[in-house]
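Visitor: Here is a sequence with its predicted model. Questions after.
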Amino acid sequence: MAAASQHPQPTPERFFNAMNAYAQTEAMKAAIELEIFKRCNSAERGVRILCDFLTIQGFLTKEGAQYVLAPDSALFLSRHSPAYVGGAIEFMLTPRLREGHARLTDAVRRGGTALGEGTLERENPDWVKFARAMMPLMHRPAEIMAAELRKGGESRKVLDIAAGHGIFGIAAAKQNPAAHIYAADWKNVLEVAQQNAQAMGIADRYHLIPGSAFETDLGGGYDLALVTNFLHHFDPPTCTTFMRKVHAALAPGGRAAIAELVPNPDRVTPPTAAAFSMIMLATTPSGDAYTFAELESILKKGGFAKAELVSEEIGLDRLIIAQR
């Protein structure tokens, strides 16, 4: 008798799960809004079904009728945790972002978002939501990044591009007590960064450069320029032109620190960084998730002498340090 095949029979399970993936998004949104990870006052049947679903997804564990937070849920989804990131849904699930993904078929045909300028509209109020909602998610990565950059010497004048919540510049200020931070972003967004700088005790060293970073005078003489989660919104020629502007703003020997989700050359690993290109397709005209080789080319064409990929991850990002 022939041996049974060692290969499992194909099933439509992955197709079924992919088509219903939105259910995980909505379940997480409901769980955060209902404070399932803390306590909630809702119908028993509704809570049971939601908690069972979250257990299937790995956010909870279940023994008998008791549910317990998985370790990462306890860290990131409990409102009692300093690392709580549940507020990120206020930006990540904005109607505009969701519409971009709902029109993904058109975006694929076009090779870019079906929403005109997408998230890159001037003074886009969604970026204020980003600044308010995403800071907890970026707090620890900003500290790691600032500590790594401090190894290369003290910085006294720091440019923070697309500052958003301001936490990357604020973390640099904490690591460099004499540093003054110059934060560039839209005026409405910088109001949030300024509030955070005030709350964290560096308001006297925090300066604002409102407007488009492509158009405004960024000043000069910077020891360090922070370019965090910015380049992925644009195509390589636009990134190159912009990095020339950053290069010109740096003092001789100055550094640019670029934080990005960086896929491997195969562009399918690691999964989160590689999949980020789909978000850029849905929400920007020409953005992408760039490999280190692509970022290195952008930086060298922008005038930088060398670029180094730091081995340590900073949250979901990788850090590239470029020398003027």
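Guide: Yes, it's here. Computed from a predicted structure; not experimentally measured.

Visitor: counting contacts, what elements does the strand or helix carrying Pro141 pack onto?
Guide: Element membership for Pro141, per DSSP states H and E: helix 135-150. Here helix 135-150 is seen to pack against helix 167-175, strand 250-260, strand 306-314, strand 317-323 when contacts are counted using 3 or more CB pairs under 8 Å, 6 or more residues apart in numbering; DSSP states H and E. In this view, the C-beta of every residue, glycine as well, is placed from N, C-alpha and C.

Visitor: Save the ones you listed as TSV, and put in mean pLDDT too.
Guide: Formatted as TSV, those follow (pLDDT from 0 to 100):
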stretch	mean pLDDT
helix 167-175	98
strand 250-260	97
strand 306-314	93
strand 317-323	97
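
Visitor: pLDDT score for the most centrally placed residue in the chain?
Guide: For the chain, the residue nearest the mean C-alpha position is Asn229 (6.0 Å; CA atoms, centre = their mean). For Asn229, the pLDDT comes out at 96.

Visitor: Equivalent analysis for Leu299, please.
Guide: 98.

Visitor: With only the CA atoms kept, save the helix or strand encompassing it in PDB.
Guide: Counting by DSSP H and E, the element that carries Leu299 is helix 292-301. The C-alpha trace of helix 292-301 is given here as PDB (Å, rounded to 0.1, in the frame of the first residue of the first chain):
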ATOM      1  CA  PHE A 292      18.300  49.800   3.500                       C
ATOM      2  CA  ALA A 293      20.000  49.700   0.000                       C
ATOM      3  CA  GLU A 294      17.300  52.000  -1.300                       C
ATOM      4  CA  LEU A 295      17.700  54.400   1.700                       C
ATOM      5  CA  GLU A 296      21.500  54.300   1.400                       C
ATOM      6  CA  SER A 297      21.200  55.300  -2.200                       C
ATOM      7  CA  ILE A 298      18.900  58.200  -1.400                       C
ATOM      8  CA  LEU A 299      21.300  59.400   1.300                       C
ATOM      9  CA  LYS A 300      24.400  59.200  -0.900                       C
ATOM     10  CA  LYS A 301      22.600  61.000  -3.800                       C
END
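
Visitor: which of the residues in it are buried?
Guide: Buried residues in helix 292-301, defined by neighbour count with 16 or more other CB atoms under 10 Å: Phe292, Glu294, Leu295, Glu296, Ser297, Ile298, Leu299.
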